[in-house]
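Asks: After the sequence you'll find the predicted model.
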Amino acid sequence: MTTDIQFNKNEDQLKLSISEMKRKLDKIYLGGGKKAIEKQRERNKLTARERIEYLRDKDRPFIEMAAFAGDGMYEEQGGCPAGGTVAGLGYIAGRQCIIVANDQTVKAGAWFPITAKKNLRLQEMSMENLLPIIYLVDSAGVFLPMQDEIFPDKEHFGRIFRNNARMSAMGITQIAAVMGPCVAGGAYLPIMSDETLMVEGNGSIFLAGPYLVKAAIGEDTDQETLGGAVTHTELSGIADYKFKTEEECLDQVKKIMEKTGHQENAGFDRITPKAPEKKPEELYGIFPADQTKTYDMQEVIDRITDAGSFTAFKNDYGKTIICGYARIDGWAVGIVANQRKMVKSKKGEMQMGGVIYNDSADKAARFILNCNQKKIPLIFLQDVNGFMVGSRSEHAGIIKDGAKMVNAVANSIVPKITIIVGNSYGAGNYAMCGKAYDPRFIYAWPTARIAVMGGEQAAKTLLQIQVSAMKAKGMEVAGEEEKKLLNDITQKYISQTSPYYAAARLWVDAIIDPIDTRMVISESIAAANQSPVINQMKLGVFQV
């Protein structure tokens, strides 16, 4: 346990990080800015966040997904706050679902490359967990100056509509409420949904707008005549309902959802929850302000799990990874967590915390198999510097044992939920179920750092390469210049390890307050429980 002075220092630092996160979010919540919001209101339109707030159940949690999408990107184009789309995991009429709302205040709701990536991720969440998805449509379509980065490839704009068709075949409820323009290829989304609702005066659906129609075929028409709510509910039959106001439209979405039937669930075990044995708010003081320092990961586990529920697996073996069964908010879970403090191995040697050794990898692989056998969701708590290196580890077969763990993670069929609390470096990111290994949900604390290696090691490596290249060209590198180069490389590299850099590019689904970890895991398992586990786990070939 940390001393009082360390605890207070850690607490102050982490609370400052939370404050920074909230300041960033406050700016993102303004979308395209106050003027754009006022323009929405002049047209009797709610903002994307106001629509979601009106629609969702206020007495149930709402987890906003990818709020930082696009953060720091597209600055030359004026930015793209939240990727131009507000979305999350919440409840409508008691049904857990994914809600996606175009933000018309951001470039008229135009789709940037990150917008497509974010929307595809939200559809993926819906498909993996068989969750209903509600689209609140208000978009001018593809952001034309970047069309080559969003239009033709496999994971681009068109994949959205392919997913609409696949999701429908899977029996996933899709409802589209059209509250603004729905143009060109985007017109297919509401029509490929189960039911389409439109708001009179503002909602419109057409393949080509009035200007393009005039240019293409010489016809003079207006937006309402071409594709307004009256046109599509009375003439084309494309839409199913029309409403005078957005509120009436959203009320109908609630009515549809409350009549939607319940599906068979996965059967993950849940009992009456118990509060954690130790106070969750103490997480602020436990986590070190200096991430090169050690701490006991068990103290973190004790503050997110139900009191008395944790049972360690192979407690005296492979001590740099903690494995164990527990309950979080009543849900049965298997926890795989990196131990950050120095530990003593079975041979009496001291092992570095946050590093995966042979025995740790072996233990984790076996535990993952056990959780799959028992149909228990897996929670990964990442704070990892990577696998142990050096001749001793190589001779002991660290690559073999690491491959065994990676194999188990990759082939696991129970839901995997990853929380990156600290470092997430190198192959440790993969073995601890990073984004490439299909976690159902992946979250980060503001203290997370994601990179191929730590900043100091990476900067020194990059410096050596750069200095060698300069010397090869006959350039002399003085000590002061070398120091400046190292500082510049370090700063650039560290900025790329930030959780905001990761969240902007959707390497994580959300950055969360540490004291919300328990709630976020619980809601994620509730979502995963909507999708039955059908297959048995199968492993590929690996060396034992």
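Replies: Structure's in. What do you need? Residues are numbered from 1 along each chain as shown.
Asks: Run a quick neighbour tally on residue 55.
Replies: 26 (other CB atoms under 10 Å). Using the backbone N, CA and C atoms, a C-beta is placed for each residue, glycine as well.
Asks: And the one 4 residues further on, by the same measure?
Replies: Other residues near residue 59 number 7, with proximity taken as other CB under 10 Å.
Asks: Using the three-state scheme, assign it.
Replies: Under DSSP: H, G, I helix; E, B strand; the rest coil, the three-state class of residue 59 is coil.
Asks: Strands of the stretch 251-400 of the chain, residue ranges please.
Replies: When assigned using DSSP state E, counting those that start in this stretch, the strands of the stretch 251-400 of the chain occupy the ranges 311-312, 321-328, 331-338, 343-344, 350-351, 355-356, 378-384, 386-387.
Asks: could you redo those as a markdown table and give each row mean pLDDT and distance to residue 235?
Replies: Formatted as a markdown table, those follow (pLDDT from 0 to 100; distance: least, CB to CB, whole Å):
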| stretch | mean pLDDT | distance to residue 235 |
| --- | --- | --- |
| strand 311-312 | 98 | 65 |
| strand 321-328 | 98 | 53 |
| strand 331-338 | 98 | 50 |
| strand 343-344 | 84 | 72 |
| strand 350-351 | 84 | 73 |
| strand 355-356 | 94 | 64 |
| strand 378-384 | 98 | 52 |
| strand 386-387 | 90 | 62 |
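Asks: Can you check the pLDDT for residue 482?
Replies: What the model reports as pLDDT for residue 482 is 69.
Asks: In the longest helix seen in the chain, which residues are buried?
Replies: Secondary structure of the chain read by DSSP state H shows that its longest helix is helix 4-29. For helix 4-29, a neighbour-count test (16 or more other CB atoms under 10 Å) marks 6, 9-11, 13-14, 17-18, 21, 24, 28 as buried.
Asks: Stretch 237-252 too?
Replies: 238-243, 246, 249-250, 252.
Asks: Mark which of those residues are part of helices, please.
Replies: Using DSSP H, those in helices are 246, 249-250, 252.
Asks: Quickly name whichever of the residues you listed is closest to residue 188.
Replies: Using CB to CB, the shortest approach to residue 188 within these belongs to residue 249, at 20.0 Å.
Asks: Quick check: the closest one touching residue 199?
Replies: Yes: with contact defined as CB atoms under 8 Å, residue 249 reaches residue 199; the gap is 5.1 Å.
Asks: pLDDT score assigned to residue 522?
Replies: With respect to pLDDT, residue 522 has a value of 98.
Asks: circling back: I'd like the buried residues of stretch 237-252 written out as a markdown table, with pLDDT and distance to residue 407 added.
Replies: Listed next are the buried residues of stretch 237-252 as a markdown table, based on pLDDT from 0 to 100; distance: CB to CB, whole Å:
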| residue | pLDDT | distance to residue 407 |
| --- | --- | --- |
| 238 | 92 | 49 |
| 239 | 95 | 49 |
| 240 | 96 | 48 |
| 241 | 97 | 50 |
| 242 | 97 | 54 |
| 243 | 97 | 53 |
| 246 | 97 | 50 |
| 249 | 98 | 49 |
| 250 | 98 | 47 |
| 252 | 98 | 48 |
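Asks: and residue 179, that's in a strand?
Replies: Yes: assigned with three-state DSSP, residue 179 falls within a strand.
Asks: Give the burial count for it, as a bare number.
Replies: Residue 179 has 26 nearby residues by other CB under 10 Å.
Asks: picking that back up, any residues in contact with both of residue 249 and residue 199?
Replies: 177, 179, 243 (CB atoms under 8 Å, 6 or more residues apart in numbering).
Asks: Which single one of the buried residues of stretch 237-252 is nearest to residue 418?
Replies: For these, the nearest to residue 418 is residue 250 (33.2 Å; CB to CB).
Asks: for this structure, what helix or strand is lowest in average pLDDT?
Replies: None of the helices or strands of the chain scores lower by mean pLDDT, DSSP states H and E than helix 455-472, at a mean of 71.
Asks: So what touches that one?
Replies: 449, 451-453, 477, 482, 485-486, 489-490, 493-494, 497.
Asks: Please pull up the helix or strand immediately following it.
Replies: Next along the chain after helix 455-472, taking DSSP states H and E as the criterion, comes helix 479-497.
Asks: elements contacting that following helix?
Replies: The contact analysis (3 or more CB pairs under 8 Å, 6 or more residues apart in numbering; DSSP states H and E) places helix 479-497 against strand 449-451, helix 455-472.
Asks: can you count the residues close to the nearest residue to residue 495 once chain neighbours are set aside?
Replies: Excluding the flanking residues, the one nearest residue 495 by CB to CB, 6 or more residues apart in numbering is residue 501, at 6.5 Å. Other residues within reach of residue 501, judged by other CB under 10 Å, total 19.
Asks: thought residue 501 was touching residue 72?
Replies: Yes: with contact defined as CB under 8 Å, residue 501 reaches residue 72; the gap is 7.3 Å.
Asks: Report the set of residues contacting both of the two.
Replies: With CB under 8 Å, 6+ apart, residue 501 and residue 72 have no common neighbours.
Asks: which regions of this protein sit below the pLDDT cut-off?
Replies: For the chain, applying pLDDT under 70 flags the ranges 1-2, 185, 454-459, 482, 541-544.
Asks: And stretch 61-72, what's buried?
Replies: 61-71.
Asks: again with stretch 27-47
Replies: 28, 31-32, 36-37, 40, 45-47.
Asks: mind listing the strands for the stretch 51-200 of the chain?
Replies: Counting by DSSP E, counting those that start in this stretch, the strands of the stretch 51-200 of the chain are 63-64, 85-92, 95-102, 133-139, 174-183, 195-199.
Asks: what does stretch 287-295 contact?
Replies: 2, 6, 9-10, 12-14, 286, 300, 340-342, 353-354, 421-423, 445, 447, 449, 514.
Asks: Do me a favour and get the end-to-end distance for that stretch?
Replies: End-to-end distance of stretch 287-295: 7 Å, with CA to CA, to the nearest Å as the criterion.
Asks: which one among the buried residues of stretch 27-47 gets closest to residue 143?
Replies: Nearest to residue 143 among the buried residues of stretch 27-47, with distances taken as CB to CB, is residue 32, at 13.0 Å.
Asks: secondary structure class for residue 525?
Replies: Assigned by three-state DSSP, the conformation of residue 525 is helix.
Asks: Surely it touches residue 331?
Replies: Yes: with contact defined as CB under 8 Å, residue 525 reaches residue 331; the gap is 4.7 Å.
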